[in-house]
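> sequence first, then the predicted structure:
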Amino acid sequence: MTKKVVTVVLALALALAAGLTVGCGDKLPKDSLAKVGETYITQEQFDQHLPYFNAQYADSIPDKATDPEGYKDYERWVVDYLVTYELATREAQSSGLSVTDDEFQSELDQIVATHYDGDQADFEEELTNQKLTLDQFKLGYKESMLLQKVYEEVTKDVTTVPDEELAAYYEENKAYYFEEETRTARHILISPKASESDDTSTTSSTDASSTTTTIALTEADWAKALATAEKVRADLVAGADWTTEAAEYSDDKGTKEIGGDYGTVNKGETVKEFEDSVFSLAKDEISQPVKSVYGYHIIQVTGITEAKQYTLDEVKEDITSILLYEKKVEAWDKWIEEKRAEALVIYQEGMEPTTTTTASTTATTAAASTTTTISSEATTTSAGQTITTAAPTTTTSTSTTTTSEQ
């Protein structure tokens, strides 16, 4: 597996306070991009941070040549991060919060141990591949750790969700907490074989999305397959071993060596004839030969998980986590708005935020400190766990099933 550098999404720090009126100053020095109180956000700071963000968001940064306006928005986004981080730094100082070198090193050691098998050189090589130095990585990651601490301090009093809000959310999203019936099954597939003189091509699968082409199969070919299927079924009903019968007769290459075990069947994932049979059989019942485009299936349902609507009590913990997250984000946004107003934040002309909505809700907060990779593979470190507010989820939700090719 390709190893990728684990970094922290700093979306929390990119909050733009809702309804905020920002200032634009023509009196800022040319090398300053913004001013927070008496503190200037400089071009040098911007340049120090840009490699970290470029690596973090490599796949989503607008191209400067083909989308100059989009890239300019990205630069404004980075500037506003620096503004918000300055506000958070002030809060950290007044609250006695900090991230020590030892704390960062402990976090880094965990990343290297977990994702690079303890190989520091391998980790640093990956940084180089992402055009990052260790110092640049340390700068961004330590800031995210401090942001997490400030976020937790600011939102520490947000600890409960009223029961009526939990109930309302549950009713609005009840469909997310429903599981369809699933079944486990095993089968033996007898595919029709064309006469040797015929030019025949077949493809076999019970996957409903597969395309199957069968050429030159005659009624006699299908009759012969049915006769074999009836014999196999008779053997099984008489007590023959499924593993032995599947190995000898089944044309499903994916299951013939494992006793025909098909695993979990979800509705809508297999061809209709196969699905209809699976969901109509009683547990342990052996079907009559079931004809599909792939041949004749002898099916046995080995387990049934009934459909279930989870109750509010069963998913209350999950909903509480979602709504607490939302309330914490609201509290954070309100805090940012207040601190911006107090500091009289102004921006260099052309660097003002292009929106007055909250950017922190685009991904996660630093309280969740979502850890992600510079590339595509998502991971989590002790900086925190992933929390999102997209589609509600529950730890009791049904798992997906991999279907085998017949």
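Received it, and whenever you're ready, just let me know what you need. Residues are numbered from 1 along each chain as shown.

> ok, now which ones touch residue 174?
By Cβ atoms under 8 Å, 6 or more residues apart in numbering, the contact set of residue 174 is residue 309. To be clear about C-beta, it is placed using only N, CA and C from the backbone, and glycine gets the same treatment.

> which SSE is residue 40 in?
Here residue 40 sits within strand 39-42, counting by DSSP states H and E.

> neighbouring strands of that strand in the sheet, and parallel or not?
Sheet pairing for strand 39-42, assigned by DSSP bridges, gives strand 32-36 (antiparallel).

> what mean pLDDT does the strand it pairs with have?
For strand 32-36, the mean pLDDT works out to 95.

> and for stretch 89-108?
On average, the pLDDT along stretch 89-108 is 96.

> one more: stretch 191-209?
60.

> over to stretch 141-155?
Taken as a whole, stretch 141-155 has a mean pLDDT of 96.

> tell me the buried residues in stretch 108-126?
Neighbour-count burial for stretch 108-126 flags 108, 111-112, 115-116, 123-124, 126 (criterion: 16 or more other Cβ atoms under 10 Å).

> meant to ask about stretch 308-318
310, 315-316, 318.

> how about the strands of the stretch 51-200 of the chain, start to end?
178-179, 182-190 (DSSP state E, counting those that start in this stretch).

> in the stretch 201-350 of the chain, which spans are helices?
Under the criterion DSSP state H, counting those that start in this stretch, helices of the stretch 201-350 of the chain are mapped to 219-237, 242-249, 272-278, 312-343.

> and those as CSV, adding mean pLDDT and distance to residue 261?
Listed next are the helices of the stretch 201-350 of the chain as CSV, based on pLDDT from 0 to 100; distance: least, Cβ to Cβ, whole Å:
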stretch, mean pLDDT, distance to residue 261
helix 219-237, 96, 14
helix 242-249, 97, 8
helix 272-278, 97, 13
helix 312-343, 96, 30
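
> pretty sure residue 315 sits against residue 173.
No - in this structure residue 315 lies outside contact range of residue 173 using Cβ atoms under 8 Å: 9.3 Å.

> one step back: any idea which of the buried residues of stretch 108-126 is closest to residue 60?
residue 126 (19.8 Å; Cβ to Cβ).

> how close does that closest one sit to residue 140?
According to Cβ to Cβ, to the nearest Å, residue 126 and residue 140 sit 15 Å apart.

> over to residue 219?
Separation of residue 219 from residue 140 (Cβ to Cβ): 70 Å.

> got it, and residue 79?
For residue 79, the distance to residue 140 - Cβ to Cβ - is 15 Å.

> what do you get for residue 168?
Shown here: residue 168 relative to residue 140, a distance of 39 Å by Cβ to Cβ.

> cool, residue 307 as well?
From residue 307 to residue 140 the distance is 47 Å (Cβ to Cβ).

> ok, now residue 83?
16 Å.

> ok, back up a step: ok, residue 219 and residue 140, which is more surrounded?
Neighbours per residue (other Cβ atoms under 10 Å) separate residue 219 from residue 140, with residue 140 holding more: 20 against 8.

> wait, isn't residue 310 in contact with residue 179?
Yes - counting by Cβ under 8 Å, residue 310 touches residue 179, with 7.4 Å between them.

> before we move on, the earlier item: dump the buried residues of stretch 108-126 to CSV, plus distance to residue 93.
Converted to CSV, those look like this (distance: Cβ to Cβ, whole Å):
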residue, distance to residue 93
108, 24
111, 27
112, 30
115, 33
116, 34
123, 31
124, 32
126, 34
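
> for residue 63, state which of these is nearest.
Checking those one by one against residue 63 (Cβ to Cβ), the nearest turns out to be residue 126, at 24.1 Å.

> read off the pLDDT value for that closest one.
pLDDT, residue 126: 92.

> I'd like the numbering to begin with 42 instead of 1 from here.
Taking 42 as the first residue, the last one we looked at is residue 167.

> do you know how far it is from residue 311?
Using Cβ to Cβ, residue 167 is found at 42 Å from residue 311.
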